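# Below are the sequence and a predicted model for it; my questions follow.
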Amino acid sequence: VRAVLSGGSFSPIDIPLRGDAAEPPTELPDGARLEYWWNEEWGWCAATVVRRLRVGEGDSAAIVHTLCFDSDGSWEDCALDFSDGGRRWRPLQSPT
C-alpha cells in the first residue's frame, strides 16, 4: 500500500504486485540476492545464489541452492523452505 497526499489529505492506494505473491518461486536464478533465515542467533543473513543443484530423482527430487553469505564469504547448500513448507528466504531488504 502506498499513500498519496492530495489536497492535504491522506489517501491510501493499492499497488499491485507483479506475479502471484502467494506463490514464491521454487528456484532462484544464479546471482539472485536474498536474505536467508539461518537460526534464532544469526537471524536473516544476506547472501547470493551461486548455483542450483537437483538432489534426488523423479518426484522426490528437490532443488538445493548454493548460497554465498555476505558475512564471511562461506558457501552453503541450502533448501529455500523449512521442512514444514514455510519459506526460509526473502528478497534482500535494502538498508534503511
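Everything's here; your move.

# residues in contact with the closest residue to Pro91 other than its chain neighbours?
Residue nearest to Pro91 in three dimensions, not counting chain neighbours: Leu34, with 6.2 Å by C-beta to C-beta, 6 or more residues apart in numbering. Any C-beta I mention is one placed from the backbone N, CA and C, and that applies to glycine too. Neighbouring residues of Leu34 by C-beta atoms under 8 Å, 6 or more residues apart in numbering: Leu28, Ala46, Ala47, Thr48, Val49, Leu67, Trp89, Arg90, Pro91, Leu92.

# Which pLDDT value does the model give the nearest residue to Val49 once chain neighbours are set aside?
Leaving aside its sequence neighbours, Val49 sits nearest to Ala32 (C-beta to C-beta, 6+ apart; 4.4 Å). If you check Ala32, the pLDDT there is 94.

# List the buried residues in stretch 71-83.
Cys78, Leu80 (16 or more other C-beta atoms under 10 Å).

# picking up where we left off before, part of a strand, is the residue nearest to Pro91?
Yes - remark: Leu34 belongs to a strand, assigned using DSSP: H, G, I helix; E, B strand; the rest coil.

# and it, what are its bridge partners?
Per DSSP bridges, the residues bridged to Leu34 are Ala47, Pro91.

# I'd like to know how far it sits from Arg51.
Relative to Arg51, Leu34 is positioned 14 Å away (C-beta to C-beta, to the nearest Å).

# Next: Val64.
9 Å.

# the more surrounded of these two?
Val64 (16 against 12; other C-beta atoms under 10 Å).

# What's opposite that one in the beta bridge?
According to DSSP bridges, beta-bridge pairing links Val64 with Leu53.

# can you pull the contacts of it?
Each residue near Val64 by C-beta under 8 Å, 6+ apart is listed here: Arg52, Leu53, Arg54, Val55, Asp77, Cys78, Ala79.

# Most widely separated two among those residues?
Pairwise distances across the contacts of Val64 peak at 14.4 Å for Arg54 and Cys78 (criterion: C-beta to C-beta).

# Make a ChimeraX selection of the buried ones in the contacts of Leu34.
Paste this into ChimeraX to select the buried members of the contacts of Leu34, with burial taken from 16+ other C-beta under 10 Å:
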select :28,46,47,48,49,67,89,92
